[in-house]
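A.B. asks: Quick one, structure for this:
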Amino acid sequence: MIDLGQVFFEQRQHFFNDLSVHQIIINPNVKGYPPIFMLCKEVRGSKPCEYVLGTSFLQMNHLLMRKVENHSRILIAERLATAIIEHKKTETISMPELLGKPLELNAVDATTRLRRFESEPQSDKPLYFFQLTEM
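C.D. replies: Predicted coordinates:
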């Protein structure tokens, strides 16, 4: 797998039309970062890639309301609400386990900005994530 963030680091901004979400990671307690991260996977050319898309709770709700069928939306919303109510530091929701397949979001028309994730400042291999700026 290649980190899609490294590919787009120079242009800083990227547009996504289709997302294949494999995991949703909720971590509302980390200052300076979005509370929700969606781990996405896709194939670019012949190479599989993965990337992380950061969203706010409001943006996530907007995506779910516009792009997800009712039954799947209810399952995802229940898991998100449970994590928030139980005040867990971090919660991971596997879409294949919850829905039986990755969550496919088509025609989202999302504008993102690439950000660097400072997990370990001395690391020579930085991590990147895309943060949703508008839809």
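A.B. asks: and the residue nearest the centre of the chain, what helix or strand is that in?
C.D. replies: Nearest to the mean C-alpha position of the chain, by CA atoms, centre = their mean, lies Met38 at 1.9 Å. Secondary-structure element containing Met38, defined by DSSP states H and E: strand 36-44.
A.B. asks: again, but for Arg115
C.D. replies: Taking DSSP H and E as the definition, Arg115 sits inside strand 110-117.
A.B. asks: Between strand 36-44 and whichever helix or strand comes after that strand, find me the angle.
C.D. replies: Past strand 110-117, further along toward the C-terminus, the next helix or strand under DSSP H and E is strand 127-134. Note on geometry: by axes from the mean of the first three to the mean of the last three CA atoms, to 10 degrees, strand 127-134 and strand 36-44 are set 100 degrees apart in direction.
A.B. asks: For strand 127-134, name the packing helices and strands.
C.D. replies: For strand 127-134, the helices and strands in contact under the criterion 3 or more CB pairs under 8 Å, 6 or more residues apart in numbering; DSSP states H and E are helix 4-8, strand 47-55, strand 110-117. For the C-beta atoms, the positions are set from N, CA and C on the backbone; glycine is no exception.
A.B. asks: which neighbours does the second one have in its sheet, and in what orientation?
C.D. replies: Looking back up the chat, that one is strand 47-55. Sheet pairing here is set by DSSP bridges, and for strand 47-55 it gives strand 2-3 (parallel), strand 36-44 (antiparallel), strand 127-134 (parallel).
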